[in-house]
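1. Quick one: sequence plus predicted model below, questions after.
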Amino acid sequence: MKKNVRKAIIAGNWKMNKTRPEAKELIEAIKPLVADAGCEVVVCTPYTNLETAVEMTKGSNVRVGAENVHFEKSGAFTGEISADMLTEVGVQYVIIGHSERRQYFGETDETVNKRTKAALAAGLKPIVCVGELLWERECNITEEVVGRQIKLDFYDVSAEDVKKCVIAYEPVWAIGTGKTATADQAEEVCAFIRSKLADLYGDAAAQAVTIQYGGSMNAGNAAELLAKENIDGGLIGGASLKAPDFAEIVRAASKG
Ligand code: 13P
């Protein structure tokens, strides 16, 4: 199986940005610009915007994702949101294990694994984030770090289920820094992730998984990154908050 049969997915990760009126304005601007997209287009918004986003994207080709999900079905978990609560409002995707969750909110591979399984059980498509710190890259252990994340984050996830997942390779040093990994650096790790998936699940499953790159991807560098064999899409932070920039990345992915 080759890149051209995998689904290219461009997802915006809005992080903690946009009030409801601002979200409405951004979605209104994005919709016509991506209407002819040749790839899947997703906006992952703060919880408070999800219902608005779902309502506004009905009948369009834009899908909606959340930025996190809890692993329990319900209970005494103040401040958390369950997978069923997300599916109920019409959310289809959910980002899990973003490095900001790992860094600032104590997310571990164990909780990433639990959240991934809870999302899959509820019918959500997880976008599972992995990636090394700058210090780890400098110590030449990128593959060790990312390989370990893949093994732990997908522990006990079946080959059938792993095919429903998206993996976002986001080198932590490239996030919000303006420092993009070069296309070759990104491809090297995305290819490694696919080989690791092949070890765990066999080649057919590995070839079916959409692997995104994330980290300062923008309108100027997207085409070069997305042309690589193992980079099937992008998880976009800053540039997803500007409709023309986001649309330009969608256009680059549509050319495949
Ligand atoms: P930036 O595109 O702002 O670097 O953020 C990337 C990211 O963290 C997407 O999840």
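-> Arrived safely, thanks for sending.

2. and the residue of the stretch 101-250 of the chain found nearest the ligand, how many neighbours?
-> Here the residue of the stretch 101-250 of the chain nearest the ligand is G237; by CB to the nearest ligand atom that distance is 2.2 Å. In short, each C-beta sits where N, CA and C put it, glycine included. Neighbourhood size, G237 [other CB atoms under 10 Å]: 22.

3. Likewise for G38?
-> 11.

4. got it, and E28?
-> E28, neighbours per other CB under 10 Å, totals 11.

5. what residues are up against it?
-> M56 (CB atoms under 8 Å, 6 or more residues apart in numbering).

6. quick one, what contacts the residue of the stretch 101-250 of the chain closest to the ligand?
-> With CB under 8 Å, 6+ apart, G237 has these contacts: G12, N13, K15, I175, G176, G214, S216.

7. Report the buried residues of stretch 109-126.
-> 109, 111-120, 122, 124-126 (16 or more other CB atoms under 10 Å).

8. Near the ligand, which residues of the stretch 51-200 of the chain are found?
-> H98, E170, I175, G176 (CB under 6 Å from any ligand atom).

9. doesn't V128 make contact with the first one?
-> Right, H98. No. Using CB atoms under 8 Å, H98 is not in contact with V128, being 9.4 Å away.

10. I231 against V189, yeah?
-> No. I231 sits out of contact with V189 when judged by CB under 8 Å, with a separation of 9.7 Å.

11. The helix or strand encompassing D84: how far from the chain's middle?
-> Assessed by DSSP states H and E, D84 sits inside helix 83-89. Remark: helix 83-89 is offset 18 Å from the chain centroid, using CA atoms, centre = their mean, to the nearest Å.
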